[in-house]
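[1] attaching a predicted model along with its sequence, questions to come.
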Amino acid sequence: MKKAFLVVIILFTLFHSNAQQKPEIRFNAFSSYVFSDAVDSYFDAQRYYRGRINGGFMWGANTEVMLHDDYGIHLTYLRMDTKAPITYLNNFINPKFKEFDLGINYIMLGGNRYMEAADNIELYGGVAGGLAIFSIKNPEPGGESALTKFAWNAELGTNIWLAPSVAIKFNARLLSPVQAFGGGAYFGTGGSGVGLNTYSSVFQFGLGGGLVFKLTPTAKPQKK
């Protein structure tokens, strides 16, 4: 609740400070393919787990307020549903294997810096920070849990304007929930058994694209 209240205050301040300038507002919808990433962690010298978060489809959207022709701030939501095959080893014998169902939600607040490459082409780069909310489900009954971790995002991309208010977006994105995967995943039946109580950082790289819509288009001054 406190985090949501802080976001509201920041957005209100930005809108208020730019009220007389009538800031441009954009809506971005996008999707990407996210590649697999390995996860592993050691409990001690004899016990550890290793596995991966499988690659797959990620979709999302954001609302972006252009504070200037070259700068924008955005609030972004991303969603991915995938699998996490994990092997647990104890004293390097009797390995246990499970494939967990994994849902990941990202809520990010960040900014982009734009550069005009041509009359209808924008290049941009940006960073964001926020929350990664993991939903981990054991295929056996009785095992479902969730955890929330800080996450950051870095992005590079291109907007190609097909019309004054519509563009095609191409982007590359790196997402990292810090020390995110571990707690809540377990090996056993009905919630009993071995729990993964240590954490492993996750790095998710994706390539994709989408559409950009100017909700309040503003005409750019003509170049002399």
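    In hand now; what should we look at? Numbering: from 1, shown residues only.

[2] for the record, mean pLDDT for the strand ranked longest in the chain?
    If you go by DSSP state E, the chain has its longest strand at strand 93-118. Mean per-residue pLDDT for strand 93-118: 89.

[3] and the next element down the chain from it?
    Next along the chain after strand 93-118, taking DSSP states H and E as the criterion, comes strand 121-137.

[4] just give the number of residues close to the nearest residue to W152 once chain neighbours are set aside.
    Distance criterion CB to CB, 6 or more residues apart in numbering; nearest residue to W152, sequence neighbours excluded, is G129 at 5.0 Å. For glycine as for every other residue, the C-beta is placed from the backbone atoms N, C-alpha and C. Other residues near G129 number 12, with proximity taken as other CB atoms under 10 Å.

[5] bridged to G129, which residues?
    Beta-bridge pairing for G129 (DSSP bridges): L109, W152.

[6] which ones are touching it?
    Counting by CB atoms under 8 Å, 6 or more residues apart in numbering, G129 touches 108-110, 150-153.

[7] coming back round to it: which of the residues in the longest strand of the chain are buried?
    By neighbour count with 16 or more other CB atoms under 10 Å, strand 93-118 contains the buried residues 98, 100, 102, 104-110, 112, 114.

[8] what's the angle from that strand to strand 121-137?
    Inter-element angle recorded for strand 93-118 and strand 121-137: 160 degrees (by axes from the mean of the first three to the mean of the last three CA atoms, to 10 degrees).

[9] for strand 93-118, packing partners?
    strand 56-68, strand 71-90, strand 121-137, strand 144-163 (3 or more CB pairs under 8 Å, 6 or more residues apart in numbering; DSSP states H and E).

[10] how about 7 Å then?
    strand 71-90, strand 121-137, strand 144-163 (3 or more CB pairs under 7 Å, 6 or more residues apart in numbering; DSSP states H and E).

[11] out of the ones you listed, flag the one nearest L207.
    Closest to L207 of these is strand 144-163 (CB to CB; 10.1 Å).

[12] what does that closest one contact?
    Residues from elsewhere that reach strand 144-163 (CB atoms under 7 Å, 6 or more residues apart in numbering): 106, 108, 110, 120-137, 167-180, 183-184, 212.

[13] quick check: angle from that strand to strand 71-90?
    150 degrees.

[14] in strand 144-163, which residues are buried?
    Neighbour-count burial for strand 144-163 flags 147, 149, 151-153, 155, 157-161 (criterion: 16+ other CB under 10 Å).

[15] related to what we said a few turns ago, I'd like the helices and strands packed on strand 93-118 laid out as JSON lines, including distance to F27.
    Listed next are those as JSON lines, based on distance: least, CB to CB, whole Å:
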{"stretch": "strand 71-90", "distance to F27": "10"}
{"stretch": "strand 121-137", "distance to F27": "16"}
{"stretch": "strand 144-163", "distance to F27": "13"}
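
[16] TSV for the ones you listed, including distance to A61 and mean pLDDT?
    Listed next are the helices and strands packed on strand 93-118 as TSV, based on distance: least, CB to CB, whole Å; pLDDT from 0 to 100:
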stretch	distance to A61	mean pLDDT
strand 71-90	6	90
strand 121-137	14	92
strand 144-163	14	91
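
[17] quick one, which of the ones you listed gets closest to K22.
    Closest among the helices and strands packed on strand 93-118, using CB to CB: strand 71-90, at 14.6 Å.
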